[in-house]
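Asker: Sequence and computational prediction follow.
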Amino acid sequence: VLAYRADNRLTANGSQEYKLRMGFGLHAGWAIEGAVGSLQKVDATYLSPHVNMAARMEAASRQFGVSILMTERFVELMSPEAQENCRK
């Protein structure tokens, strides 16, 4: 990633700094894993309403401008010490 900071294609010819932003949505629940694809390429996929919730949380992290967004269900599984570091 550091090598790309000077790449003119990403920095508007050097006039802007390159920034990488990532967001995470965390939720806990069950999921079914399956392989999809063809003989040439196989990908793993995960099916569950809980996977969909994590995806929605990730999208919402962008709307709220935060890096990590967790559901209450996920926070309940954390240790009390870790929960103290979470904003509610």
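Answerer: Noted; the coordinates are in hand.

Asker: what sits against the residue positioned nearest the centre of the chain?
Answerer: Ranked by distance to the mean C-alpha position of the chain (CA atoms, centre = their mean), the top residue is residue 24 at 2.8 Å. For residue 24, the set of contacting residues under the criterion of CB atoms under 8 Å, 6 or more residues apart in numbering consists of 58, 61, 67-69. (Glycine included, C-beta is placed from N, CA and C.)

Asker: Looking at these, which two lie furthest apart in space?
Answerer: By the measure CB to CB, the contacts of residue 24 have their two most distant members at 58 and 67, which lie 10.5 Å apart.

Asker: Overlap in contacts, those two.
Answerer: Residues touching both residue 58 and residue 67 (CB under 8 Å, 6+ apart) are 23-24.

Asker: More neighbours: which of the two?
Answerer: Neighbours per residue (other CB atoms under 10 Å) separate residue 58 from residue 67, with residue 58 holding more: 17 against 10.

Asker: The more buried one should be in a strand, yeah?
Answerer: No. Membership of residue 58 in a strand is not supported by DSSP: H, G, I helix; E, B strand; the rest coil, which gives helix.

Asker: Is the residue nearest to the centre of the chain bridged to anything, and to what?
Answerer: As for beta bridges, residue 24 partners with residue 68 under DSSP bridges.

Asker: Distance-wise, check it relative to residue 45.
Answerer: Spatial separation of residue 24 from residue 45 under the definition CB to CB, to the nearest Å is 19 Å.

Asker: cool, residue 10 as well?
Answerer: Plainly put, residue 10 is 31 Å away from residue 45 if you go by CB to CB.

Asker: ok, now residue 67?
Answerer: Here residue 67 is placed at a distance of 25 Å from residue 45 (CB to CB).

Asker: This protein: helices as residue ranges?
Answerer: Listed in chain order, the helices of the chain (DSSP state H) span 49-64, 72-76, 80-84.

Asker: Tell me which residues of the first one come out buried.
Answerer: By that I understand helix 49-64. Within helix 49-64, the residues that count as buried by 16 or more other CB atoms under 10 Å are 50-51, 53-54, 57-58, 61.

Asker: Alright, I will stop here.
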